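> Quick one: sequence plus predicted model below, questions after.
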Amino acid sequence: MSDFPRHRPNVGVVLFNAVGQVWYGRRAGQPTDHAWQFPQGGVDRGEDLEAAARRELEEETGVTSAALIGRTEGWIVYDFPEALKLAHRLEGRKPWDGQKQVWFAFRFTGDEAEIALNRHDEIEFDAWRWGDLSEACDLIMPFKRAAYEQVVAAFSRFTP
């Protein structure tokens, strides 16, 4: 993980259902048109990347019934806007320049009753829905758009 040392190691998950739609979560407390995104989160020191992706998926969505169908190679990197970097410093967080991510594609193999947004102390999402992968870049915060374009390109082979 020595590439991009000023970027926080992170994983992202695109969860596909049986008909090729993807899971979107609306970020809790984010009053913006760009509040929908895929599950993602930090990698603990020494943690395997796929294990981190499965942990984040379960913490943020409740989903454990998921079969690995793909992953990206290398890091997909984005920088935080300056205002967000400043806010992180003021909150006492480590001053990362952005995030470096490996993305995983999973096929949801469970029942929708398994989806629960309150499985973790820190609630990430307050709503969820299925949608087309092609929507992702229009739903995400603009500073993450280039990263999402790479994810969509990498995983479009899993859509009908």
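Now that the structure is in, tell me what you want to look at. Here the structure is a predicted model, which is why all the values come from computation and not from measurement.

> residues of the lengthiest helix in the chain that come out buried?
Criterion DSSP state H: the longest helix present in the chain is helix 49-61. For helix 49-61, a neighbour-count test (16 or more other Cβ atoms under 10 Å) marks 49, 52-61 as buried. (Glycine included, C-beta is placed from N, CA and C.)

> For that helix, list the C-alpha coordinates in CSV.
Listed next in CSV are the C-alpha coordinates belonging to helix 49-61 (Å, rounded to 0.1, in the frame of the first residue of the first chain):
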residue,chain,number,x,y,z
LEU,A,49,-8.7,-6.2,0.7
GLU,A,50,-11.5,-8.6,-0.1
ALA,A,51,-12.1,-9.1,3.6
ALA,A,52,-12.3,-5.4,4.1
ALA,A,53,-14.8,-5.1,1.2
ARG,A,54,-17.0,-7.8,2.8
ARG,A,55,-16.7,-6.1,6.2
GLU,A,56,-17.7,-2.7,4.8
LEU,A,57,-20.6,-4.3,2.8
GLU,A,58,-21.9,-5.9,6.0
GLU,A,59,-21.4,-2.9,8.2
GLU,A,60,-23.1,-0.5,5.8
THR,A,61,-25.8,-2.6,4.3
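
> residue ranges of the helices in this protein, please?
49-61, 82-90, 136-139, 145-155.

> quick one: the second one to chain centroid distance?
Between the mean C-alpha point of helix 82-90 and the mean C-alpha point of its chain there is a distance of 21 Å (Cα atoms, centre = their mean, to the nearest Å).

> what is the mean pLDDT for it?
Per-residue pLDDT over helix 82-90 has a mean of 77.
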